[in-house]
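A.B. asks: coords please:
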Amino acid sequence: MVRARSIELSQIGRGIVRAKGSKGERASGAGPSNGARAATRAAARRYLYYPDGQVGWYPAAVLAGLRLLRHERFDVVYSSSHPLTAHLIARTLSRRGKLPWVAEFRDPWSDRLPADHPHRRRTMRLEAAIGREATQVIVPTPTLAEMWGERWGREIALVPNGHDLDGPVRQRPERATLTHVGTYYPGKQSFRALWGALQELARSGEAELPRVRFVGELPEEIRQEVGAAGLATVVEATGFIPHADAMRSMASSTVLFASGFAGSDPLSLGVIPAKLFEYLATGLPILYLGNPEDDAAKLLREQPGCFVLEPDDVAGVVAALRVALAAGEYERDVASLSRRARTASLAKVLDAAAGRT
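C.D. replies: Numbering: from 1, shown residues only. Down below sits the predicted model:
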């Protein structure tokens, strides 16, 4: 591994803010407001960073890559974004070294910029140029492959995420536990049907309510929702913890749950949270609230013990929980979903780009 220095634009921006603050403090005896600093940083990100905040990495990374090309033999250049700057580096090295180039887009970039962003069209043109020039393009979900394939007029290779668990885990907790691992995005995702279902189970008095555990931070929006639903006593959060600890928390669960993204556009439909592959490898029941036509729902429906429901289907969630909480583990064929299998798929794409069979 070779590391290259980066000119961190964000650090420069903070220095400018501090310098302005120092002048202001000398003139008025008071420092700049938090709002002023935030506004200055936001303006820098919006107008100065192109194609992204890591563009200061480009010069040193290209120089380091060229030194390697002079002293070693390579078959292909491979880059993965974010950041988009990685593709600019790879494109330059591919051209200078006359090597095939494989560009992997893990997430959309230009499509997620606001419509009025000053660099949106420019970034979209840059993405298209990368997509057309690269020897091969890789994406992680079928919907994104279709979207970019049509947009760029080319075939796109599909290499999804994967898991690295050896097999099903069996660490049943003493109290039934519903676990969510990772980040939740308020306004884009919803667990309101789950709160409604838990209220229904509480009213029925059938059994003790399961506890609900968020492995990660608990957004204020969730706190307000569960408080309004009278469920605050059964919801807990671990805060950010190491990955190994997160996997142990996931393993000591009864049911795992996740949410899709609101919307029927390709950016919403083409999301498969990486945690779903680890969810599947545990063998535990999975409750998924989202669009039944998105890529994540289609993946889950291929495996037993996965309950895919609309985000507002309270009755459906109640029925699913009654089955899932009593189900135990499921035997799933997830060997093809492992990171080892995904690495083999990536190797095939690299071999093909290099002209090997």
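A.B. asks: what about the strands in the stretch 251-357 of the chain?
C.D. replies: 255-259, 286-289, 306-309 (DSSP state E, counting those that start in this stretch).
A.B. asks: Residue 278: which of the ones you listed is closest?
C.D. replies: The minimum distance between residue 278 and those falls on strand 255-259, with 8.9 Å, by C-beta to C-beta. Using the backbone N, CA and C atoms, a C-beta is placed for each residue, glycine as well.
A.B. asks: Just give the strands next to that closest one in its sheet, each with its orientation.
C.D. replies: According to DSSP bridges, strand 255-259 has the following sheet partners: strand 177-181 (parallel), strand 286-289 (parallel).
A.B. asks: Any buried residues in the first one, and which?
C.D. replies: For strand 177-181, a neighbour-count test (16 or more other C-beta atoms under 10 Å) marks 177, 178, 179, 180, 181 as buried.
A.B. asks: Of all pairs in these, which one is the farthest apart?
C.D. replies: Among those, the pair separated by the greatest distance (C-beta to C-beta) is 177 and 181, at 12.2 Å.
A.B. asks: about what we covered before: could you export the strands paired with strand 255-259 as JSON lines, including distance to residue 316 and mean pLDDT?
C.D. replies: Listed next are the strands paired with strand 255-259 as JSON lines, based on distance: least, C-beta to C-beta, whole Å; pLDDT from 0 to 100:
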{"stretch": "strand 177-181", "distance to residue 316": "16", "mean pLDDT": "96"}
{"stretch": "strand 286-289", "distance to residue 316": "9", "mean pLDDT": "97"}
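A.B. asks: Adding distance to residue 228, write those strands out as JSON lines.
C.D. replies: Below are the strands paired with strand 255-259 laid out as JSON lines (distance: least, C-beta to C-beta, whole Å):
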{"stretch": "strand 177-181", "distance to residue 228": "19"}
{"stretch": "strand 286-289", "distance to residue 228": "18"}
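A.B. asks: Looking at these, which is nearest to residue 317?
C.D. replies: Nearest of those to residue 317, taken as C-beta to C-beta: strand 286-289 at 7.0 Å.
A.B. asks: and residue 356, how many neighbours?
C.D. replies: Residue 356 is flanked by 11 other residues according to other C-beta atoms under 10 Å.
A.B. asks: Would you format the strands of the stretch 251-357 of the chain as JSON lines with mean neighbour count and distance to residue 120 included?
C.D. replies: As requested, the strands of the stretch 251-357 of the chain are exported to JSON lines (neighbours: other C-beta atoms under 10 Å; distance: least, C-beta to C-beta, whole Å):
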{"stretch": "strand 255-259", "mean neighbour count": "23", "distance to residue 120": "27"}
{"stretch": "strand 286-289", "mean neighbour count": "25", "distance to residue 120": "31"}
{"stretch": "strand 306-309", "mean neighbour count": "22", "distance to residue 120": "33"}
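A.B. asks: what would these look like in JSON lines with distance to residue 104?
C.D. replies: Shown next, in JSON lines, are the strands of the stretch 251-357 of the chain (distance: least, C-beta to C-beta, whole Å):
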{"stretch": "strand 255-259", "distance to residue 104": "24"}
{"stretch": "strand 286-289", "distance to residue 104": "26"}
{"stretch": "strand 306-309", "distance to residue 104": "27"}
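A.B. asks: quick one, which of these is nearest to residue 63?
C.D. replies: strand 255-259 (42.7 Å).
A.B. asks: Determine how far stretch 246-258 lies from the middle of the whole chain.
C.D. replies: Relative to its chain's centre, stretch 246-258 lies at 18 Å (C-alpha atoms, centre = their mean, to the nearest Å).
A.B. asks: what does stretch 54-63 give?
C.D. replies: For stretch 54-63, the distance between its averaged C-alpha position and the chain's averaged C-alpha position is 25 Å (C-alpha atoms, centre = their mean).
A.B. asks: same thing with stretch 323-340?
C.D. replies: For stretch 323-340, the gap between its own C-alpha mean and the chain's C-alpha mean amounts to 21 Å (C-alpha atoms, centre = their mean).
A.B. asks: list the buried ones in that stretch?
C.D. replies: With burial defined by 16+ other C-beta under 10 Å, the residues of stretch 323-340 counted as buried are 324, 325, 330, 332, 334, 337, 338.
A.B. asks: show me where the stretch 151-300 of the chain has helices.
C.D. replies: For the stretch 151-300 of the chain, helices defined by DSSP state H, counting those that start in this stretch occupy the ranges 192-204, 220-228, 243-251, 266-269, 275-282, 295-301.
A.B. asks: Tell me which of the ones you listed sits most buried.
C.D. replies: helix 275-282 (a mean of 24; mean count of other C-beta atoms under 10 Å).
A.B. asks: Confirm that residue 57 lies within a strand, as I assumed.
C.D. replies: No. Assessed by DSSP: H, G, I helix; E, B strand; the rest coil, residue 57 does not belong to a strand; its assignment is helix.
A.B. asks: That one: neighbour count?
C.D. replies: Look at residue 57: counted by other C-beta under 10 Å, it has 21 neighbours.
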